[in-house]
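> Sequence and predicted model, in that order:
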Amino acid sequence: MGHVEVAHVHHALPDGRVLLDDASFRVGEGTVAALVGPNGSGKTTLIRLIAGDVTPQSGTVTTSGGLGVMRQFIGGIRGVVPPGQQSIGGIRGDGSGGHHPLGHAGAEPVVRDLLVFVAEKRVREAAARLDAAEGVMQARGGEQAQLRYAAALADWGDAGGYEAEVLWDACTVAALGLGYEQCRERGVGTLSGGEQKRLVLEALLRGPAEVLLLDEPDNYLDVPGKLWLEEQLDQTRKTVLLVSHDRELLANTAQRIISVEDGSVWVHGGGFASYPQARLDRNERLDELRRRWDEEHEKLKQLVRTLRQKASYNDGMASRYQAAVTRLSRFEDEGPPELAPREQNVRMRLRGGRTGKRAVICEDLELTGLMHPFGLEVWYGDRLAVLGSNGSGKSSFLQLLGGSDVAHEGVARLGARVVPGLFAQTHARPDLAGRRPVEILMTEHAMQRNEAMAALARYELQHCAEQPFGTLSGGQQARLQILLLELSGVTLLLLDEPTDNLDLASAEALQAGLGSYEGTVLAVTHDRWFARSFDRFLVFGAAGDVYESGDPVWDETRVARPR
């Protein structure tokens, strides 16, 4: 079985902020381990260091058994980028962007490109040579181009390309319901986020790599997809290091927790259920050790001061004074014990406002081609979770209520004084592209700079106030979206997968904020933990039926709707 070992790794950001300080841990023997910690704490950076995208500034990273890597954003969600070209995809926190990751220059990446990207290095390299040779042959032709193409085909076979295509056929059938030859040229952008994730996961879990690095593999998966992933992680013999913010998935899969906070890394040998208490106990121990160190430090300094004074008029005290100075110096050289990580303090002040009794009214509503007509009344103050599989129309339903032009029949209208605000699942906000959070607040909400910074601080966004929106992490973008909803005074929150990129503390803060919100909430979610905080459940069923349930329903799997 493969393993991952990180030893004494130090890594600082370009602005000098230390992200990882003497980070050390080991994962092996087929263990499923989870990296947890606040947004921006360094989890994705650790994945990149292990994957070889980034070289540690000091320390070592070693692996065995081959690596399979799922980066945080893939395919049409944010773009897939090969190692060494760009770290994660699309526009990321390192400020890079603009490359098209897959396929030929200017071409939309296709399914074949996506599968090549997560294949073994030798297969990726052979595919690149084959693509180049095919391009030359199509552009110029001639005997030399044909010979080059024939040689590239031979290389493809020698590298295991044909065996890889057999594997990919099984992956596309499982993920998309089509054989590889039927969908190899299908654009990645035509796949849903869940389909992209499932396809890459199938390829990695079935592939030869013994170590998998999975950065938020559950995002965009519906609950049947998450249950499938949980089953695969339970059965796999591979060593897996994953990043996830899904508390239910962590509780069901992680055998070990690797916590990343304030530059330090520590390992909890149990699962997620016992992690919060273990973290609390550890922080209390660190606080107690620091308190004792501070007390001893003060005692030694006081002793030095006293002996210095005595030695000033009694030469016989000089040796005792020098001994005390030496003792203090050694004590300070050893340094204080590690500080307990600073607790996150995200404070969401979602206010809302009074509206008419009926906030949302739907009569014989049908989103064209997605569902059968249904009726719905949502009352002021309701907390309605919208559940169902990917592709069933949930996001389109929220977009319709938010005022977007969505093809439909029937009636969907809002009640008196209902002002909707939409949280976008994919964080696709063209209106925010290239703009800095502090600038957005000052421009859109007429704030002075100090007011804007104070608001950002409540969401722990003050450190990225000057970064363009596209360079923020997924969790930072999510928190900024929620802050903008707070400041806009909306009375109907339309939240499309709001917890997908939120760290554990931010998800808890959102739940607390919604609890005190004076308005109505409709949330599309596949987060089972989050859904339990709602009181009504609207289910978009497998065959196009839309119905209410007294409890969450997680076993609806989308099928083709009868015509």
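Cool, got the structure. Residues are numbered from 1 along each chain as shown.
> was I right about A51 contacting L213?
Yes: between A51 and L213 there is a contact at 5.8 Å, judged by Cβ atoms under 8 Å. Yep, even glycine has a C-beta here, placed from its N, CA and C like the rest.
> Tell me where the stretch 351-500 of the chain has strands.
358-367, 374-379, 383-388, 408-414, 420-423, 492-496 (DSSP state E, counting those that start in this stretch).
> Quick one: mean pLDDT for the first one?
Put plainly, it is strand 358-367. Here strand 358-367 scores 94 as its mean pLDDT.
> just use 7 as the starting number from now, easier for me
Done: numbering now begins at 7, and the last item shifts to strand 364-373.
> List the pairing partners of that strand within its sheet, with orientation.
strand 380-385 (antiparallel), strand 414-420 (antiparallel) (DSSP bridges).
> mind giving me JSON lines with those and columns for mean pLDDT and mean neighbour count?
Output for those, formatted as JSON lines (pLDDT from 0 to 100; neighbours: other Cβ atoms under 10 Å):
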{"stretch": "strand 380-385", "mean pLDDT": "95", "mean neighbour count": "17"}
{"stretch": "strand 414-420", "mean pLDDT": "94", "mean neighbour count": "15"}
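> All the strands of the stretch 57-206 of the chain, residue numbers only.
With DSSP E, counting those that start in this stretch, the ranges of strands along the stretch 57-206 of the chain come out as 64-70, 73-76.
> circling back: of A57 and L219, who's got more company?
Set A57 next to L219 and count neighbours by other Cβ atoms under 10 Å: L219 wins out with 25 against 18.
> show me what contacts that one?
Listed by Cβ atoms under 8 Å, 6 or more residues apart in numbering, the contact set of L219 reads V10, I53, I56, A57, L73, G74, V75, M76, L247, L248.
> Secondary structure element holding the third one?
In the assignment (DSSP states H and E), I56 maps to helix 49-57.
> Also the last one?
Element membership for L248, per DSSP H and E: strand 245-249.
> Alpha carbons only: can I get that strand in CSV?
Output of strand 245-249 as CSV, limited to C-alpha atoms (Å, rounded to 0.1, in the frame of the first residue of the first chain):
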residue,chain,number,x,y,z
THR,A,245,-4.5,5.3,1.1
VAL,A,246,-6.7,8.4,0.9
LEU,A,247,-6.1,12.0,2.1
LEU,A,248,-9.2,14.1,1.5
VAL,A,249,-10.4,17.6,2.2
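> That strand pairs with which strands, parallel or anti?
Applying DSSP bridges, one finds strand 245-249 paired with strand 38-42 (parallel), strand 217-221 (parallel).
> Looking at the strands of the stretch 357-506 of the chain, spot the one closest to S401.
Closest approach to S401 among the strands of the stretch 357-506 of the chain is made by strand 498-502 (5.3 Å; Cβ to Cβ).
> who does the closest one touch, helix- and strand-wise?
Helices and strands touching strand 498-502, by 3 or more Cβ pairs under 8 Å, 6 or more residues apart in numbering; DSSP states H and E, are helix 400-407, strand 426-429, strand 526-530.
> most tightly surrounded among those?
strand 526-530 (a mean of 25; mean count of other Cβ atoms under 10 Å).
> Report pLDDT for E304.
So, for E304, pLDDT stands at 96.
> how close does R154 sit to A139?
5 Å (Cβ to Cβ, to the nearest Å).
> Fine by me, thanks again.
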